[in-house]
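>>> How does the following fold in three dimensions:
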Amino acid sequence: MAKKVLGYVELEWTCPQCGTRNPGTNKQCESCGRAQPKRVAFHQAAEEELITDEAEIARAKAGPDVHCAFCGTRNPVGAERCTQCGADLASAGARESGKVLGAHRHGPAAPVRCPNCGAENDAMARKCARCNASLPKAAPAEASARPKARARPKARARSKARAGPRATTSTKPRRKLPLPVIIGIGLMALLAVAACVLIVLSMIPSEQVTGVVQSVSWQRSVEIEALQDVTKEDWRDRIPSGARVASCTQKYRRTQDSPAANATEVCGTPYTVDTGTGHGEVVQDCQYKVYDAWCTYGAQEWKKAAPITANGTDLSPRWPEPRLAANERETGREERYKVVFETESKTYTYTTSDENRFRPCRIGSRWALKINALGRVKSIQPAD
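You can find the predicted model right below:
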């Protein structure tokens with residue numbers, strides 16, 4: 001997912017000595033003068049306005065500040081000597097950076113009330129305008145607009161308490177399954193029962209009877225495909241060369257992290273990331289919905305045509321001789337043979353695709369038939 005930088009804002013930090021909120025760029029507390037310790041983190045201001053000053057933006061991009069190993073004073077990255085004590089900063093430790101602080105606070109925040117005198121002050125004020133006391137952080141716009149949860153009426157709470165455990169027990173109605181689900185379960189159950197029945201029947205020994213060939217028949221087919229004009233749809237870059245493109249429309253194809261010429265940018269909620277300089281980088285996670293040409297085109301494709309078939313009622317089957325056109329081709333051959341047997345009790349039909357099993361079945365010849373539990377002929381064998 002691509003990150004889109006919207007700009008930079010100034011953060012704040014709270015002095016652990018006196019509780020004063022300070023601008024992020026301040027390296028010492030503006031109230032008591034104490035230097036910001038390395039462990040004291042930056043936090044978002046109640047309102048975050050994007051910085052427009054180019055020099056300040058350059059400082060935000062420079063990299064996290066460092067703390068002097070000797071006195072702990074915060075110094076800008078790249079400085080060689082501490083601005084407080086003059087010590088060499090070669091061994092200075094860089095501030096933590098890259099932490100997501102929260103959603104970008106671009107809207108106006110609610111006023112902040114002074115804990116000392118109760119006066120209301122602007123959301124961004126750090127000192128009370130009336131008594132000059134340090135002010136706490138104001139609630140951001142989204143937090144101040146959130147409705148408060150309503151308290152449960154005491155009378156209802158007391159009545160529930162008097163009702164005892166039985167009153168708190170709720171009986172939820174059973175959820176009914178949708179009709180398609182019920183039908184699906186029923187069909188699965190029927191299929192399972194049918195499979196069990198077939199297994200049981202297959203285990204029953206076959207019955208053997210004697211039958212006389214009453215009639216024979218055969219059918220042989222040559223499968224044919226014809227090259228036909230068809231209309232198809234696909235992405236333009238996947239259309240076969242030589243195809244006739246009729247029309248194209250723009251259609252969503254995929255989502256990707258990098259920008260593209262024919263893409264719509266879709267970004268999430270902006271959020272603020274600590275740069276370690278007293279500034280926050282406001283970024284968005286973005287993706288790009290790419291649109292492409294979806295086209296209708298004409299082409300030629302092999303399609304199944306009517307087979308060429310030969311039939312007969314003798315024991316000399318033969319293949320048809322198709323006369324293929326220039327746009328036709330043979331794709332396969334099928335053969336089917338049928339023998340009808342007459343027994344003392346009933347008539348049985350035996351089918352096979354094996355010509356060698358069919359040819360010996362002369363009219364009037366006697367055969368031993370194996371009949372399964374379903375009444376079908378499993379195999380035949382000469383009985384004479």
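
>>> counting contacts, what elements does the longest strand anywhere in the chain pack onto?
When the chain is parsed with DSSP state E, its longest strand is strand 279-312. Applying 3 or more Cβ pairs under 8 Å, 6 or more residues apart in numbering; DSSP states H and E, we find strand 279-312 packed against strand 2-10, helix 54-61, strand 207-235, strand 244-256, strand 263-267, strand 271-274, strand 328-342. (C-beta placed from N, C-alpha, C; glycine too.)

>>> Please identify the most buried of these.
Among those, strand 271-274 has the highest mean neighbour count (mean count of other Cβ atoms under 10 Å), at a mean of 22.

>>> for the record, mean pLDDT for it?
In this model, strand 271-274 has a mean pLDDT of 97.

>>> With just CA atoms, put that strand into CSV.
Output of strand 271-274 as CSV, limited to C-alpha atoms (Å, rounded to 0.1, in the frame of the first residue of the first chain):
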residue,chain,number,x,y,z
TYR,A,271,-2.9,10.0,10.3
THR,A,272,0.0,11.6,12.1
VAL,A,273,3.4,9.9,12.4
ASP,A,274,6.1,11.1,14.9
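
>>> Give the partner strands of it in its sheet and their orientations.
With DSSP bridges as the test, strand 271-274 is paired with strand 100-103 (antiparallel), strand 279-312 (antiparallel).

>>> distance of the spatially most central residue of the chain from Val266?
Nearest to the mean C-alpha position of the chain, by Cα atoms, centre = their mean, lies Thr255 at 11.5 Å. Going from Thr255 to Val266 by Cβ to Cβ, to the nearest Å gives 8 Å.

>>> any residues in contact with both of these two?
Gln287, Tyr288, Lys289 (Cβ atoms under 8 Å, 6 or more residues apart in numbering).

>>> Return the residues in contact with the nearest residue to the second one once chain neighbours are set aside.
Computed as Cβ to Cβ, 6 or more residues apart in numbering, the closest residue to Tyr288 that is not its neighbour in sequence is Ala263, at 4.0 Å. Ala263 is in contact with Gln256, Tyr288, Lys289, Val290, Tyr291, counting by Cβ under 8 Å, 6+ apart.

>>> Mind putting those into CSV with pLDDT and distance to Glu321?
Shown next, in CSV, are the contacts of Ala263 (pLDDT from 0 to 100; distance: Cβ to Cβ, whole Å):
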residue, pLDDT, distance to Glu321
Gln256, 94, 57
Tyr288, 95, 61
Lys289, 96, 58
Val290, 96, 55
Tyr291, 97, 54
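
>>> hmm, back to that, if I look at the residue nearest to the centre of the chain, how far off is Glu48?
For Thr255, the distance to Glu48 - Cβ to Cβ - is 29 Å.

>>> How about Asn116?
26 Å.

>>> Comparing those two, which residue is more hemmed in?
Glu48 (26 against 13; other Cβ atoms under 10 Å).

>>> Report the separation between the residue lying closest to the more buried one once chain neighbours are set aside and Asp354.
The spatial neighbour of Glu48 that comes closest, neighbours along the chain excluded (Cβ to Cβ, 6+ apart), is Val9 at 4.0 Å. Distance of Val9 to Asp354, given as Cβ to Cβ: 85 Å.

>>> What strand or helix carries Ile199?
In the assignment (DSSP states H and E), Ile199 maps to helix 179-203.

>>> Same question for Tyr348.
With DSSP H and E as criterion, Tyr348 is part of strand 347-352.

>>> That strand packs against which elements?
strand 207-235, strand 328-342, strand 366-371, strand 377-382.

>>> Now render the ones you listed as JSON lines, adding mean pLDDT and distance to Glu120.
Output for the helices and strands packed on strand 347-352, formatted as JSON lines (pLDDT from 0 to 100; distance: least, Cβ to Cβ, whole Å):
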{"stretch": "strand 207-235", "mean pLDDT": "96", "distance to Glu120": "61"}
{"stretch": "strand 328-342", "mean pLDDT": "97", "distance to Glu120": "87"}
{"stretch": "strand 366-371", "mean pLDDT": "95", "distance to Glu120": "100"}
{"stretch": "strand 377-382", "mean pLDDT": "94", "distance to Glu120": "97"}
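
>>> between the ones you listed, which gets nearest to Pro180?
strand 207-235 (30.3 Å; Cβ to Cβ).

>>> That closest one - contacts with which helices or strands?
By 3+ Cβ pairs under 8 Å, 6+ apart, strand 207-235 packs against strand 279-312, strand 328-342, strand 347-352, strand 366-371.
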